[in-house]
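Peer 1: Sequence plus the predicted model coming up.
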Amino acid sequence: MDIKITKTTAPKAKPAKGDKLGFGHIFTDHMFMMNYTEGKGWHDARIVPYGNISLDPSAMVFHYGQEMFEGLKAYRGENDKIYLFRPDMNAKRANASNERLCIPEIPEEMFVEAVKAVVDIDRDWVPSDEGTSLYIRPFVIATDEFLGVAPSKTYLFIVILSPSGAYYESGLAPVGIWIEDEYVRAVKGGMGFAKTGGNYAASLIAQVKAHDSGYSQVLWLDGVERKYIEEVGAMNIMFKINGKVVTPALNGSILPGITRNSILHVCRSWGYEVEERRISVEELVAAAKDGSLEEVWGTGTAAVVSPVGKLRYMDDVMTIGDGGIGELTQKLYDELTGIQWGKREDPYGWRIEVK
Ligand code: PLP
Ligand code: COI
């Protein structure tokens, strides 16, 4: 791919070592952009100074939400090596979302090349403090100037970068999770498996409710029976029950998380029995009550491996273990972050250096 590069003439001040980065507030000097036009395909790949884009108010994305996004990270390892984690998986998932949303496919090599190119230009923005990384947000928006409901014929693919710390303000501290019993996020046949804005728009009302009650995230139940565990707002969920690792199966209404896939792989290679299946909320409450629910954690790019200390479902508030970080949760966090930051062997070939 031929990428035209225009460097900024006004570089911004980068966060200093030790600055609190938060998540998703700070943006780097450059961004990648590429247009799609029906009949022409993807064209005009370019890296330009980060800044506003101009769209007609009738641009279709504003009205019917035809858009897809992805999330991955770049990590600073020893000797200032910069790594990505399984970017090919993000490229594949982007196209699964694109297909569901009638957005044209982005060739996987093009997606990965775009990410690598813009990270390379802004590599000095990858932070170096413990636990920090450069969050990468590729996305596609529909840009036709038209108010009819139909797939757009033109699109913009953009990749922006954000130096970030922990997604949860608490860092690697157990979070409290609200099991939502009123609203639902997605149903089979809908677009729950796709990474698209509408799924997150649908989730806000319950998230506000959970926050108001002192919980940091929502755990969704299935949209039909409101009985089976699905996933959390920004992560997949896993349980250790009687020594086994149990997680909801990919059923079409939850996001096939790349961290989920990686963690299940690690658990299996460590000899754990792993079950991907339906888990009813009653089973979970019963396991919490009889003590067989040993650990609960979430997995996600932003959330990494996030211990869950407390679960609430209707009138039941369940403390997991002693409310602290479970032993396996900690081991998985150490293994995954060890691979991502280049501190541990990567027997799976997941770490990709940006050179
Ligand atoms: N589920 C939802 C709804 C998410 O937003 C995310 C985050 O991307 C995940 C799961 C975890 O996916 P991944 O591990 O690929 O980041
Ligand atoms: C991610 O983990 O990449 C996410 O997209 C989570 C989120 C901020 C929606």
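Peer 2: Everything's here; your move. Ligands and ions are numbered 1, 2, ... in the order given.

Peer 1: Quick check, the residue in the stretch 51-200 of the chain closest to ligand 2?
Peer 2: Distances between the stretch 51-200 of the chain and ligand 2 by C-beta to the nearest ligand atom are smallest at Gly71, namely 2.2 Å. Bear in mind the C-beta positions are built from the backbone N, C-alpha and C, glycine included.

Peer 1: What is the burial count for that residue?
Peer 2: When neighbours are defined as other C-beta atoms under 10 Å, Gly71 has 18 of them.

Peer 1: Need phi/psi at it.
Peer 2: Gly71 adopts backbone torsions of phi -150, psi 130, taken as degrees, to the nearest 10.

Peer 1: just Pro174 next, same as before
Peer 2: According to degrees, to the nearest 10, Pro174 has phi -60, psi 140.

Peer 1: can I assume it is in contact with Gly309?
Peer 2: Yes: here Pro174 lies in contact with Gly309, judged by C-beta atoms under 8 Å, at a distance of 2.8 Å.

Peer 1: C-alpha coordinates for stretch 337-355, PDB please?
Peer 2: Coordinates of the C-alpha atoms in stretch 337-355 are reproduced here as PDB (Å, rounded to 0.1, in the frame of the first residue of the first chain):
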ATOM      1  CA  THR A 337       1.000  -8.500  30.200                       C
ATOM      2  CA  GLY A 338       4.400 -10.300  30.300                       C
ATOM      3  CA  ILE A 339       3.900 -11.400  26.700                       C
ATOM      4  CA  GLN A 340       2.500  -8.000  25.600                       C
ATOM      5  CA  TRP A 341       5.300  -6.000  27.100                       C
ATOM      6  CA  GLY A 342       8.000  -8.400  25.900                       C
ATOM      7  CA  LYS A 343       9.000  -9.500  29.400                       C
ATOM      8  CA  ARG A 344       8.100 -13.100  29.000                       C
ATOM      9  CA  GLU A 345       8.500 -15.700  26.300                       C
ATOM     10  CA  ASP A 346       5.800 -15.700  23.700                       C
ATOM     11  CA  PRO A 347       5.300 -19.400  22.900                       C
ATOM     12  CA  TYR A 348       2.200 -18.500  20.800                       C
ATOM     13  CA  GLY A 349       3.700 -16.000  18.400                       C
ATOM     14  CA  TRP A 350       1.300 -13.300  19.400                       C
ATOM     15  CA  ARG A 351       3.700 -10.400  19.800                       C
ATOM     16  CA  ILE A 352       4.600  -8.400  16.700                       C
ATOM     17  CA  GLU A 353       7.300  -5.800  16.700                       C
ATOM     18  CA  VAL A 354       6.800  -2.500  14.900                       C
ATOM     19  CA  LYS A 355      10.100  -1.700  13.200                       C
END
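
Peer 1: That one - what's its average pLDDT?
Peer 2: Averaging pLDDT along stretch 337-355 yields 96.

Peer 1: ok, now stretch 275-292?
Peer 2: Stretch 275-292 comes out at a mean pLDDT of 96.

Peer 1: In the stretch 101-250 of the chain, which residue sits closest to ligand 2?
Peer 2: Residue nearest to ligand 2 within the stretch 101-250 of the chain: Ala234 (3.7 Å; C-beta to the nearest ligand atom).
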